[in-house]
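>>> got a predicted structure plus its sequence, pasted below:
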Amino acid sequence: SWATAAHVIQDAVDAADPGDTVLVTNGVYATGGKAYSGMMSNRVAVDKALNLRSVNGPEATIIQGYQVPGNTIGDGAIRCVYLTNGASLSGFTLTNGSAGGGAGVCCGSATASVSNCVIIGNSAIDGGGAYQGSLVACMLVSNVADFGGGAYQSALNDCTLVSNSASGSYGFGGGAHKSSLTNCVLIQNDARQGGGGDDCVMVNCALQENSAIYGGGAYDCILLECLLTGNDALSGGGACERDRK
């Protein structure tokens, strides 16, 4: 019953078996933590193939990481969620996470799935919002990284990427880097190159008001049946090829 349920998500995950579903009720979950495979701490580490789901969706269920003041990705930083192969995450807001890769969610591979989540305000070196994994119907908002402000090496379907940024001396892919995107919307993302995306494959996507030095909408991407409007750059406001700056 809810009266006897764990109050820390990690405790419930640790008690579950592969294939189980762990249901999480409303609340802000900002305590607990677990390292996995020598990686820095995660607020929740799903280290077995189970399903982690909220009862009432991302508006009511928040997993909060930790960013070190003045040195976001420093000792003591905490990622929101790690997902191993075959695990799934659905219906959460992931915020304030910090990590080398995937500060909102870091996935072991494309077999880890994330759906109906809001990934907002996270910071990493690779994939501020998400690292690897398959994301469906998610919102990635105001995440920051050197490579892939919103997502890095991820497969995104029916997702919205807004105001993510690839900063630092590299700055590749404000919205996404080295990812595949289908039926996605990318709005007001920014980067040094590829404001919307860098080195990505995009199918039936809308890229709007993204900005960069090279390739405001997209840089060195494959674009199929995409709409590019209002993007801005010094070279290639809509799109720019790597060898044609």
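Cool, got the structure. In this text the structure is predicted, and so the values were computed from the model without any measurement.
>>> what segments of this protein are helices?
9-15 (DSSP state H).
>>> burial of the nearest residue to Gly237 once chain neighbours are set aside, as a residue count?
Closest residue to Gly237 apart from its sequence neighbours, by CB to CB, 6 or more residues apart in numbering: Gly216 at 4.6 Å. C-beta: built from backbone N, CA, C; applies to glycine. Neighbour count for Gly216, taken as other CB atoms under 10 Å: 31.
>>> you'd agree Gly216 is up against Thr229?
No - the pair Gly216 and Thr229 does not pass the contact test of CB atoms under 8 Å, sitting 10.7 Å apart.
>>> circling back to that earlier point, separation between the residue nearest to Gly237 and Gly238?
To Gly238, Gly216 is 7 Å away according to CB to CB, to the nearest Å.
>>> buried sites along stretch 139-150?
Residues of stretch 139-150 classed as buried: Met139, Leu140, Val141, Ser142, Asn143, Val144, Ala145, Asp146, Phe147, Gly148, Gly149, Gly150 (neighbour count, 16 or more other CB atoms under 10 Å).
>>> got the confidence number for the closest residue to the third one other than its chain neighbours?
Right, the one you point to is Val141. With CB to CB, 6+ apart as the criterion, Val141 has its nearest non-adjacent residue at 4.3 Å, and that residue is Ile120. Looking at Ile120, its pLDDT is 98.
>>> is Ile120 in a bridge, and if so with what?
Beta-bridge pairing of Ile120 under DSSP bridges involves Thr95, Val141.
>>> what of the one 4 residues further on?
When assigned by DSSP bridges, Ala124 has beta-bridge partners Ala99.
>>> mind listing what it touches?
Counting by CB atoms under 8 Å, 6 or more residues apart in numbering, Ala124 makes contact with Ile73, Gly97, Ser98, Ala99, Gly100, Gly101, Gly102, Ala103, Tyr131, Asn143, Val144, Ala145.
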